[in-house]
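Asker: predicted model follows, preceded by the sequence.
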Amino acid sequence: MIERMSTSSPANGIADLRKDYKLASLGKRDLAADPLTQFKRWLDEAIKAELPEPTAMNLATVGANARPSARIVLLKGVDERGFVFYTNYESRKGRELAESQWAALTFHWVELERQVRIEGHVEKVDAAMSDEYFNSRPLLSRIGAHASPQSEKIESREALEKRFAEAQAQFGETPPRPAHWGGYVIVPEMVEFWQGRRSRLHDRLMFQRQFGGWHIERLAP
């Protein structure tokens, strides 16, 4: 017999969940001249506010089948080129990035009532940069990069742990960076800064790359 969900279940009331945003506003005069400087400013504020996982970002990719996929990854650097993260090149996201070479990112700092959306093309960082970051990771994370065939189907948790033990025995304290693991930089073509406002009249300011520079437009919420 199938039990019906109680009408008192919290999930039944999700349409009524809402919050009126009121912490801040955002105008063109508030922005830095380029989006990377502005992003660093907002990221610094998120870190100082001690938000949980301030570098967490949604990474969206599209494969040859034209179907999008998304997952949360961690930002590991931001410089004059763009936004850097690291992963297994043979994972689903790695395969899709090789196919399309375009991606989108979203940061959501809910406590600050802010979002940042980024769209851009993707390049691999050089091997030296990937080596430097890989060697800075905790030892067990480096072992895990060898053990996990990321995104592939596996027989069981026990099979994964066996692979980990084998990699640990093989590499000991000095696992090298696997050839299939490294960094990407997303070079932005568009960056949108979103600040929540009352009555859903949010501030949305978009940087668009044009003729080697940046053009700023306000978008309707």
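Answerer: Nice, thanks for sending it over. Every value quoted in this text rests on a predicted model; they were computed, and no experiment measured them.
Asker: and the most centrally placed residue in the chain, what pLDDT?
Answerer: The residue lying closest to the centre of the chain (C-alpha atoms, centre = their mean) is Met57, at 2.7 Å. What the model reports for Met57 is a pLDDT of 98.
Asker: with Lys22 instead?
Answerer: 88.
Asker: what of Ser156?
Answerer: Predicted confidence (pLDDT) for Ser156: 94.
Asker: need the contact list for the residue nearest to the centre of the chain.
Answerer: Taking C-beta atoms under 8 Å, 6 or more residues apart in numbering, we find Met57 in contact with 72-75, 83, 85, 105-107. From N, CA and C alone the C-beta is placed, and that goes for glycine too.
Asker: ok, Ser141 next?
Answerer: Residues counted as contacts of Ser141 (C-beta under 8 Å, 6+ apart): none.
Asker: show me where this structure has its strands.
Answerer: Here the chain has its strands, by DSSP state E, at 56-62, 68-74, 77-78, 83-88, 102-109, 114-124, 181-195, 203-210, 213-219.
Asker: spatially nearest residue to Pro54, not counting backbone neighbours?
Answerer: Nearest residue to Pro54, sequence neighbours excluded (C-beta to C-beta, 6 or more residues apart in numbering): Ala46, at 3.9 Å.
Asker: and for the one you found, the neighbour number?
Answerer: The number of residues packed near Ala46 is 18, by other C-beta atoms under 10 Å.
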